[in-house]
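Participant: heads up, no residue letters with this:
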């Protein structure tokens, strides 16, 4: 009688084990979800959902056990890295209409800009951007609007990029064109960006 009862329980044991195996990824996601929500107020969603305004959004992968950061538009933020584009001017001295360029294979969004030198002086530099295929660039490619980078009787100045066209497409040429300069024999323009992994 006892042996019969044990055999009667075997199918149920297989059912319990099977359900545990089947639900384990979901259970893992739930556990991670509650912990993250409690500690970091994150929202775990699928790759097709979007997070409510004001929430950070992460996609949880139960296979690789990874979290992928995304913004409220479901854009993968793990591909966004800090970048920089530097333009160097050298002359005796650096003169008006002088142009320095750099090519970039990746997309960028300009977040800040500075002009600097190892010397003291005054200068004004416009920024031009267009696809490399459209070289050479001209004043028609200006993205710095009416706010060129400018330093006056000094060696460093931060620019105001709020009115600039800040998005730079992949495979673009970025140039600085000197509007005016006095005494400088070296001048640097540094554009800080967030960049994609195109």
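Facilitator: Arrived safely. As the structure is a computational prediction, the values presented were derived from the model and not from experiment. Residues are numbered from 1 along each chain as shown.
Participant: Break down this structure into its strands, ranges please.
Facilitator: For the chain, applying DSSP state E gives strands covering 42-45, 56-61, 66-70, 81-90, 99-104, 108-131, 149-158, 167-168, 172-182, 186-195.
Participant: how close does residue 135 get to residue 159?
Facilitator: Distance from residue 135 to residue 159, counting by Cβ to Cβ, to the nearest Å: 24 Å. Glycine gets a C-beta too; all of them are placed from N, C-alpha and C.
Participant: OK, contacts around the closest residue to residue 138 other than its chain neighbours?
Facilitator: Take residue 138 and drop its neighbours on the chain: the residue closest to it by Cβ to Cβ, 6 or more residues apart in numbering is residue 128, 7.3 Å away. Contacts for residue 128 were tallied using Cβ atoms under 8 Å, 6 or more residues apart in numbering; they are 137, 138, 139, 141, 142, 143, 174, 175, 176, 177.
Participant: Residue 135 and residue 159: who's more crowded?
Facilitator: Using other Cβ atoms under 10 Å, the more surrounded residue of residue 135 and residue 159 is residue 159, with 22 against 13.
Participant: ok, back up a step: okay if I get the strands of the chain as JSON lines plus mean pLDDT?
Facilitator: Below are the strands of the chain laid out as JSON lines (pLDDT from 0 to 100):
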{"stretch": "strand 42-45", "mean pLDDT": "40"}
{"stretch": "strand 56-61", "mean pLDDT": "48"}
{"stretch": "strand 66-70", "mean pLDDT": "54"}
{"stretch": "strand 81-90", "mean pLDDT": "92"}
{"stretch": "strand 99-104", "mean pLDDT": "96"}
{"stretch": "strand 108-131", "mean pLDDT": "97"}
{"stretch": "strand 149-158", "mean pLDDT": "97"}
{"stretch": "strand 167-168", "mean pLDDT": "96"}
{"stretch": "strand 172-182", "mean pLDDT": "97"}
{"stretch": "strand 186-195", "mean pLDDT": "94"}
